[in-house]
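K.L.:
all I have is the shape, not the residue letters:
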């Protein structure tokens with residue numbers, strides 16, 4: 001503009017010197033032509049360069065034209081991977097308008113938009129909506145033949161841990177559509193605030209999340225008990241960083257040890273004056289325990305026994321066992337061992353002790369070691385096949401943070417011997433879950449109806465000890481607690497003398513590596529063990545299968561509801 005003005009002034013001087021008439025019109029026409037030619041040339045050059053640059057970018061559609069969607073579009077404009085060509089938004093006031101030069105369409109027309117604009121990916125920019133709403137959106141997008149990704153959650157963006165253009169695959173939580181319930185602060189504080197809290201298995205999936213939750217509620221000290229040196233180091237470093245960042249004032253005590261070492265457990269609890277124990281240490285992988293029966297029983301049953309006895313001796317106030325839905329009518333040694341661990345605590349609770357024992361059952365947690373979702377994604381990225389054990393297998397799912405919060409709140413409501421059950425929401429068919437993940441990654445399932453699809457699903461058959469359906473309750477006697485997602489169940493339990501005799505028999509069988517004897521003891525105990533008749537322990541003797549007796553439980557049990565005793 002300055003150049004045009006300068007040249008116009010020079011021309012005025014020249015035209016005046018040469019005596020041209022109609023000087024004003026000449027100068028106006030000259031300035032207009034100069035402005036159009038120079039500005040238009042630059043505009044054309046810019047459009048040409050932009051088109052050439054965008055040709056190498058993926059054409060994307062942004063679902064959500066709010067502030068997050070606009071920030072995402074601006075970020076993508078300056079990047080070199082994605083070119084936003086259109087918004088869609090549920091807000092009718094935004095539809096048929098233009099934002100940042102990008103048209104806003106109606107989500108109901110998304111299939112037509114994707115085809116008309118040659119879109120190769122959909123980006124979700126709706127970080128503040130509920131999970132239920134996100135699930136509805138994903139249901140609409142699932143039939144598209146292009147990948148769907150999402151921007152990070154608002155918390156991740158606000159705390160600076162992720163940028164708005166750090167795109168990620170759709171989370172399983174969004175597919176489930178289940179929103180967590182805000183924790184009750186009174187319950188979260190009850191067994192933590194001002195107390196010395198100990199978590200066994202502190203480096204595991206559940207144990208580490210329990211620790212992350214606990215530090216937010218002002219314990220006097222947090223004791224991390226873990227047998228894996230690396231896992232203990234990792235969680236201690238993470239928690240120390242968080243404590244420093246949040247400006248908290250308490251200590252973390254990392255303790256190496258094994259729950260089978262009774263004297264070590266008692267020394268730790270006594271010396272550090274532990275008030276609350278969350279017992280998360282366990283072997284939980286069903287097939288691995290089937291292959292290693294003795295170690296599974298020792299760790300899950302006797303590890304719980306030694307930890308509980310140490311808690312009684314050290315005067316611990318509250319003891320919470322992390323249990324599993326696989327303990328209900330178990331078909332696996334792992335499930336039977338966890339139900340037996342529950343019976344140990346119920347028997348101890350029936351004796352006179354000042355330690356309040358309780359157990360909390362829940363199903364699968366998302367993101368734990370061995371979780372199916374990361375495995376599915378890894379298999380899809382490798383080109384398949386995706387492996388599913390059975391077409392009809394179903395599972396309950398819950399996020400690890402929600403599970404940890406509910407465990408803490410359930411423990412705060414315990415009176416002694418309580419069996420708490422968490423509301424896991426709707427059961428999920430694993431086959432359907434695998435198909436949804438394949439579709440949302442922009443691929444098609446290859447089967448008889450779609451022989452030219454991208455990813456096959458192979459059905460491998462149930463693994464040793466695995467169930468088609470998981471349950472959370474044995475009996476029908478279920479009562480609601482003050483928390484909407486925590487229930488309590490009244491179930492049969494052993495008296496301590498009978499429990500002690502059973503443990504003595506089990507200990508002898510473990511010492512003798514008598515796998516068939518262990519199975520027979522589990523069949524005798526009131527754990528409703530549905531043994532499939534086949535021993536898969538790697539060290540079992542060839543004749544062990546024949547040594548398993550078709551026996552029924554005969555031990556006297558105690559009905560907690562009415563106090564009657566009967567044969568189970």
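P.N.:
Structure's in. What do you need? These figures come from a predicted structure and were not determined experimentally.
K.L.:
just to check, residue 365 is in contact with residue 395?
P.N.:
No: using C-beta atoms under 8 Å, residue 365 is not in contact with residue 395, being 10.7 Å away. To be clear about C-beta, it is placed using only N, CA and C from the backbone, and glycine gets the same treatment.
K.L.:
residue contacts, the residue nearest to the spatial centre of the chain?
P.N.:
Central residue of the chain (C-alpha atoms, centre = their mean): residue 366, 2.7 Å from the mean position. Contacts were defined as C-beta atoms under 8 Å, 6 or more residues apart in numbering; by that measure residue 366 touches 172, 173, 373, 397, 398, 399, 400.
K.L.:
and the pLDDT at it?
P.N.:
At residue 366, the pLDDT value in this model is 71.
K.L.:
can you tell me how far it is from residue 90?
P.N.:
Separation of residue 366 from residue 90 (C-beta to C-beta, to the nearest Å): 27 Å.
K.L.:
might one say that residue 519 is in contact with residue 536?
P.N.:
No: Residue 519 is beyond contact range of residue 536, at 11.0 Å (criterion: C-beta under 8 Å).
K.L.:
looking at the two, which is more packed in?
P.N.:
In terms of neighbours (other C-beta atoms under 10 Å), residue 519 is the more surrounded of residue 519 and residue 536; the figures are 26 against 18.
K.L.:
show me what contacts residue 327?
P.N.:
Residues counted as contacts of residue 327 (C-beta under 8 Å, 6+ apart) are 335, 336, 338, 339, 341, 342, 361, 527.
K.L.:
for residue 88, see how far away the nearest residue to residue 532 once chain neighbours are set aside is.
P.N.:
Nearest residue to residue 532 in three dimensions, chain neighbours excluded: residue 331, at 6.6 Å (C-beta to C-beta, 6 or more residues apart in numbering). Separation of residue 331 from residue 88 (C-beta to C-beta): 47 Å.
K.L.:
residue 433: neighbour count?
P.N.:
20.
K.L.:
what's downstream of the helix or strand that residue 233 is a member of, the next helix or strand?
P.N.:
Secondary structure assignment for residue 233, by DSSP states H and E: helix 229-246. Using DSSP H and E, the helix or strand that follows helix 229-246 in sequence is strand 251-256.
K.L.:
low-confidence bits of this protein, can you list those?
P.N.:
Along the chain, segments meeting pLDDT under 70 span 1-55, 153-166, 177, 367-371, 471-477, 542-547, 549-568.
K.L.:
domains for it, by residue range?
P.N.:
Here the domain parsing of the chain from automatic domain parsing is 2-46, 58-170, 185-364+399-424+472-491, 494-567.
K.L.:
circling back: most neighbours among the contacts of residue 366, which one is it?
P.N.:
Neighbour count (other C-beta under 10 Å) singles out residue 397 as the most crowded of those, with 25 neighbours.
K.L.:
for that residue, what are its contacts?
P.N.:
Residues counted as contacts of residue 397 (C-beta under 8 Å, 6+ apart) are 172, 176, 363, 364, 365, 366, 424, 425, 428.
K.L.:
how close does it sit to residue 196?
P.N.:
33 Å.
K.L.:
ditto for residue 283
P.N.:
On the measure of C-beta to C-beta, residue 283 and residue 196 end up 27 Å apart.
K.L.:
equivalent analysis for residue 419, please.
P.N.:
Distance of residue 419 to residue 196, computed by C-beta to C-beta: 26 Å.
K.L.:
mind listing what's buried along stretch 214-227?
P.N.:
Buried residues in stretch 214-227, counting neighbours by 16 or more other C-beta atoms under 10 Å, are found at 214, 215, 217, 219, 221, 222, 223, 224, 225, 226, 227.
K.L.:
now the phi/psi pair for the residue nearest to residue 338 when sequence neighbours are not counted, please.
P.N.:
Nearest residue to residue 338, sequence neighbours excluded (C-beta to C-beta, 6+ apart): residue 327, at 4.1 Å. Backbone torsions for residue 327, taken as degrees, to the nearest 10, come to phi -80, psi -10.
K.L.:
how about the secondary structure of residue 277?
P.N.:
Following DSSP: H, G, I helix; E, B strand; the rest coil, residue 277 is assigned to strand.
K.L.:
how about residue 296, nearest residue that isn't a chain neighbour?
P.N.:
Of all residues not flanking residue 296 in the chain, residue 289 sits nearest, at 3.5 Å (C-beta to C-beta, 6+ apart).
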